[in-house]
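Participant: Sequence first, then the predicted structure:
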Amino acid sequence: MARWGLLLQCVAESVASQGLRGLMGMVPFGQVLYEVGQGVVERYSKKVQRAEEVACLQEMVVQSHAAIRAEVESRYESIVQNVPESVRAEIQKPEVRARVVAYAAQVPASFRASLRRTEDPTGTTIPKSFTIVESKDVSRFLPERPPRFQPGDRPVGNWKLTDCLGIGGFGEVWKAEHHTVPGLVMALKFCLSPESKKSLVNESHLLGRIMSLGQRDGIVALRNAHLDIETPCLEYDYINGGDLSGIFATWPSWNTEKKHKHALQFLKRLAQIVAPLHAMTPPIVHRDLKPANVLLSRTNGKLEIQITDFGIGAIMAESALAEHRSGMTGKGVKLSQYGKGSYTALYASPEQVQCADPDPRDDVHALGVIGYQLLVGNLMKAPSVDFADDLEDEHVAPPIINLIKKCVATRRERRLPNAGALVIELNKALEASGIRPAPVPPPNEQERKPTEPTPAPKPVVATVTPAKPAPRIGDTIEVPLTASMKMTCAWVPPGQSWLGGGDGKEGTTSFTLKKGLWCGIYPITQQQWLAVMGNNPSRFKNKAKNPVEQVSYNDVQQFLQKVNAANSRSGFLNRLPTADEWEYILRGGPISKSQSQYNYYFARSKTDLTAVGSNDLASTQANFDGNYPAGAGKKGPYLETTSAVGNYFPNPLGMYDMHGNVWEWTSTEGGSDRVFCGGSWDYFGSNCEASLRVGDDPDNRSDDLGLRLLAVPVGG
């Protein structure tokens, strides 16, 4: 038995001794959670010296779930001997034993979920200051009830559960990896409460409204809603940096000025995210804003803030508030949720607690509570009647105190009307206080100030900014398709080319690309299509890096709508190339008339993009039917399937698989048909010629027909 398993043994002994009624469903588990926590503290303090705590816990949180279960099982005889004699027989029953083991084995995942933060998204490093002295120290790490699912389960399609991110009255949240597409990760939120299941189905119109927003600035995108399965499930983008509650671990050590600047910038950023939704008709109200629903991540060193649970916040909040109103919320659950920033009743407005209709001022109240907690540096505290005194004790400026008062006022009509008004008033308070908030990434959307007069311009000091170097051939960028899936694009410079040439004859059609653009270096893959559309229509399935096929032109339009809606702030518009653009790109961009006499264009190697034109093609250079090479090319392999993108040499712009593998749709019309180019795995080498264009019905789906996208700078 490993020393890191001591905490797991203490948890199992405590839940068997103090929490068996809750574990077996005789009473709500929340009613016994505090006693279970106390039992863990008492047992652990006797087994582990204070100096050893961090090292033992550190070793525990990095173990696999299989190793953790095995460790609990190996200790079960000792566990039985260390519990009161009155329960020994009961906990040896197979069903009870299974529940005790499952609960204890979930503790390391709960630790990791609570410790996730931007500096450690995995949650596998224990702070050196961490100790287990009293029940509140361990309550936030104890699951609020036994888990319904286990790592490795596949309750929804091809999604395999890996880590439990949270357990509550509403259900469970899991990190999940796609079973057949490595690297594709989502967060799945399961609804287990019968009442919440019904509400979720009834609110499906709101979920549809949220999904139509796509990837909106500062909001975790809802990608799919599985409402017709046994356990309804919502599919969200996975954000890997923990939540706002993790900030409080280091908050107390900051000086007052630093703490206030960051607190106010967090508050402003949250209000900026919510404001556009409050401005909709009718407004979208979150109704469950709290630190646990504010997710953090770092991109290129910058802190990014995103709010989750839009569309289901009211449902989740009502489930929690119903328990709160009944007085059934146990002390242990309160301690656990306070520590995680997830106790809904702490942030809910008085009207919401009393079941009034949703109003944007409910969210304003929650934002005010979060702002107050950030300013005083205490996640366990809510504004009370003397909250202004608390803020004065923290040396908060009077205009800021007055602003918080306008947010958390008991009567709705005394609060600011919506998040947009909060942004405006906060800006005024900051200016009046002479505070310049700490930098957090600014919103992409303009603040709405319909009633604000335009301020007088301030003097501007001229500065000289070095010119950004122009892109060059060989440069690449990553363009988002979803929050977690990107497309690598290479630069296509502007210039003149000659189209239609080949077999030693020069092209006769002049084409000029007036503005440079970016082009996907590969055809869209099955992995990318699945991430955007949630399905894989390909014949040759389960090959993540192979190009997607069996997609019609009309299917591609739906794909583009989703991508562009989800990434409206990326600065790029994704679209299909025209047939002329496609041939221009394949030939390597700007070329002279004499350089247009070839059918096939490659680079010398994957690292040397020097152009090599030829009228010969063998299947060792591209994926086509190798029994029919082009020109003087030699016969070669015939794969009889698509192949992973990037296996062959690129063209002179760094684009792969433009010859063969799959035909690629363009936006060019040919009568009622749409044009595609490039040849494919089941055609001859001559069908892969640069100038060859084929057309078919926009609804046609074929196992040799895919797509490649352009990313055009907005305005380009």
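Facilitator: That came through, no problem. All figures in this text were calculated on a predicted structure; none of them were measured in a lab.

Participant: Now do the phi/psi pair for Ser686.
Facilitator: Main-chain torsions, Ser686, degrees, to the nearest 10: phi -70, psi -20.

Participant: What of the one 5 residues further on?
Facilitator: Listed backbone geometry of Ser691 is phi -90, psi -10, with angles given as degrees, to the nearest 10.

Participant: Against Ala632, how distant is it?
Facilitator: Distance, Ser691 to Ala632, using CB to CB, to the nearest Å: 19 Å. (Glycine included, C-beta is placed from N, CA and C.)

Participant: Buried residues in stretch 178-190, which are they?
Facilitator: 178, 180-181, 184-190 (16 or more other CB atoms under 10 Å).

Participant: hang on, the earlier thing: Ser691 and Ala632: which has the busier surroundings?
Facilitator: Ranked by neighbour count (other CB atoms under 10 Å), Ser691 and Ala632 place Ser691 first, with 19 against 10.

Participant: Let me see the contact set for that one.
Facilitator: Neighbour list for Ser691: 499-502, 507, 583, 599 [criterion: CB atoms under 8 Å, 6 or more residues apart in numbering].

Participant: ok, and the most crowded of those?
Facilitator: Glu583 (28 neighbours).

Participant: how about that one, what does it touch?
Facilitator: Going by CB under 8 Å, 6+ apart, Glu583 touches 497, 499, 511, 677, 690-691.

Participant: Apply 6 Å and report the result again.
Facilitator: Glu583 makes contact with 499, 690, according to CB atoms under 6 Å, 6 or more residues apart in numbering.

Participant: now do Gly242
Facilitator: Gly242 neighbours (CB under 6 Å, 6+ apart): 116-117, 296.

Participant: So for those, which is the shakiest by pLDDT?
Facilitator: Of all the contacts of Gly242, the one the model is least sure of by pLDDT is Arg117, with 74.

Participant: what bridges to that residue?
Facilitator: Asp120 (DSSP bridges).

Participant: Pull the contacting residues for the residue lying closest to Lys505 once chain neighbours are set aside.
Facilitator: Once flanking residues are discounted, Lys505 sits nearest to Gln597: 5.9 Å by CB to CB, 6 or more residues apart in numbering. Neighbouring residues of Gln597 by CB under 6 Å, 6+ apart: 501, 504-506.

Participant: Tell me how far Gln597 lies from Trp582.
Facilitator: 19 Å.

Participant: quick revisit: which ones among the contacts of Ser691 lie within helices?
Facilitator: Members of these lying in helices (criterion: DSSP state H): Glu583.

Participant: Closest one of the contacts of Ser691 to Arg361?
Facilitator: Of all the contacts of Ser691, Arg361 sits closest to Glu583, with 58.1 Å by CB to CB.

Participant: my guess is Glu506 meets Ser596, correct?
Facilitator: Yes. Contact criterion CB atoms under 6 Å: Glu506 and Ser596 qualify, at 5.4 Å.

Participant: So which of the contacts of Gln597 is surrounded by the most neighbours?
Facilitator: Highest neighbour count within the contacts of Gln597, by other CB under 10 Å: Gly501, with 26 neighbours.

Participant: So what does that one look like in phi/psi?
Facilitator: Main-chain torsions, Gly501, degrees, to the nearest 10: phi -80, psi 170.

Participant: quick one: contacts for it?
Facilitator: 507, 596-597.

Participant: how about 7 Å then?
Facilitator: Listed by CB atoms under 7 Å, 6 or more residues apart in numbering, the contact partners of Gly501 are 507, 596-597, 691.

Participant: What's the separation between it and Cys677?
Facilitator: Applying CB to CB, the value for Gly501 to Cys677 is 15 Å.

Participant: Asp699 - how many residues pack around it?
Facilitator: For Asp699, the tally of surrounding residues (other CB under 10 Å) stands at 10.

Participant: pLDDT wise, what is the closest residue in space to it that isn't next to it in sequence at?
Facilitator: Distances taken as CB to CB, 6+ apart put Ser552 closest to Asp699, at 5.0 Å, once the chain neighbours are dropped. Note on Ser552: pLDDT of 95.

Participant: give the contact list for Ser552.
Facilitator: Counting by CB under 7 Å, 6+ apart, the residues that Ser552 touches are 698-701.

Participant: which two from those residues end up farthest apart in space?
Facilitator: Spanning the widest gap among the contacts of Ser552 are Pro698 and Arg701, at 10.4 Å by CB to CB.

Participant: coming back round to it: and the buried residues of stretch 178-190, which two are furthest apart?
Facilitator: Taking CB to CB, no two of those sit farther apart than Thr180 and Lys189, at 22.1 Å.

Participant: circling back: among the contacts of Ser552, which ones are buried?
Facilitator: Taking 16+ other CB under 10 Å as the criterion, what is buried in the contacts of Ser552 is 698, 700-701.

Participant: want to throw those residues into CSV with pLDDT, secondary structure and distance to Ile247?
Facilitator: Listed next are these as CSV, based on pLDDT from 0 to 100; DSSP: H, G, I helix; E, B strand; the rest coil; distance: CB to CB, whole Å:
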residue, pLDDT, secondary structure, distance to Ile247
Pro698, 93, coil, 51
Asn700, 93, coil, 53
Arg701, 94, coil, 49
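
Participant: From Leu710, how far out is the residue nearest to Asp699?
Facilitator: Distance, Ser552 to Leu710, by CB to CB: 19 Å.

Participant: can you check Leu267 too?
Facilitator: From Leu267 to Leu710 the distance is 40 Å (CB to CB).

Participant: one step back: quick one: common contacting residues for Glu506 and Ser596?
Facilitator: Trp498.

Participant: quick one: low-confidence ranges for the stretch 401-550 of the chain?
Facilitator: 436-469 (pLDDT under 70).

Participant: Right, I'll call it a day here.
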